[in-house]
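J.: Generate a structure from the sequence data that follows.
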Amino acid sequence: MMRGFLHCYYKDIYGIRPVARELNNTVVWLSCGFDRPPSRDAVDRFLTDLEHVIDVIFDHLVEQAALRGLLNLTYSIDSTDVRAMPADPDASKCYDPTAEEYYYGYGCTIVSTGSKIPIAAEFTESKQAPDARHG
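T.: Predicted coordinates:
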């Protein structure tokens, strides 16, 4: 299912219904390795299940990268916009100063090191990270 979500993400398709609709395209579901197109309920279940384990998976990957010596002392911080469907009650109207436009969704701040390996990530209300001194 992850391959299908990545396909949709790269095409700026977000939300359960739009993702399910895109994954109903025969060429798409075949290229994503599905035996048949996933249902809207399957897309919803995947997102719900992923939400419960994503922090654990991310922490494990960072630990593994550190154990293999893939991290170094050079860090970079990237803030990006994560667009959401208007029906998302947790999203808000945000401003992207890089693109000089407003969008509906969230921000995501990623700290990476070495070969751009992410070691920390945080979703924020907008594309700007909160003041590090506060939390």
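
J.: Report all helices and strands that the longest helix along the chain contacts.
T.: When every helix of the chain is counted residue by residue (DSSP state H), the longest turns out to be helix 40-67. Applying 3 or more CB pairs under 8 Å, 6 or more residues apart in numbering; DSSP states H and E, we find helix 40-67 packed against helix 16-23, strand 117-124. To be clear about C-beta, it is placed using only N, CA and C from the backbone, and glycine gets the same treatment.

J.: Please repeat the previous calculation with a cut-off of 6 Å.
T.: Counting contacts by 3 or more CB pairs under 6 Å, 6 or more residues apart in numbering; DSSP states H and E, helix 40-67 is packed against helix 16-23.

J.: In the helix it packs on, which residues are buried?
T.: Neighbour-count burial for helix 16-23 flags 16, 19, 20, 22, 23 (criterion: 16 or more other CB atoms under 10 Å).

J.: and if you look at stretch 20-38?
T.: By neighbour count, with 16+ other CB under 10 Å as the criterion, the buried positions of stretch 20-38 are 20, 22, 23, 28, 29, 32, 37, 38.

J.: Could you dump the residues you listed into a markdown table with pLDDT and distance to residue 78 added?
T.: Written out in a markdown table, the entries for the buried residues of stretch 20-38 read as follows (pLDDT from 0 to 100; distance: CB to CB, whole Å):
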| residue | pLDDT | distance to residue 78 |
| --- | --- | --- |
| 20 | 93 | 30 |
| 22 | 95 | 26 |
| 23 | 95 | 28 |
| 28 | 93 | 28 |
| 29 | 92 | 31 |
| 32 | 91 | 27 |
| 37 | 93 | 33 |
| 38 | 94 | 30 |
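
J.: Please render these as TSV that adds distance to residue 82 to the earlier fields.
T.: What follows is these, written out as TSV (distance: CB to CB, whole Å):
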residue	distance to residue 82
20	19
22	17
23	20
28	22
29	24
32	21
37	25
38	22
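
J.: The residues you listed: which two are farthest apart?
T.: Set against one another by CB to CB, these have their most distant pair in 20 and 32, with a gap of 12.6 Å.

J.: start to end distance for stretch 87-103?
T.: Here the two ends of stretch 87-103 are set 14 Å apart, with distance taken as CA to CA, to the nearest Å.
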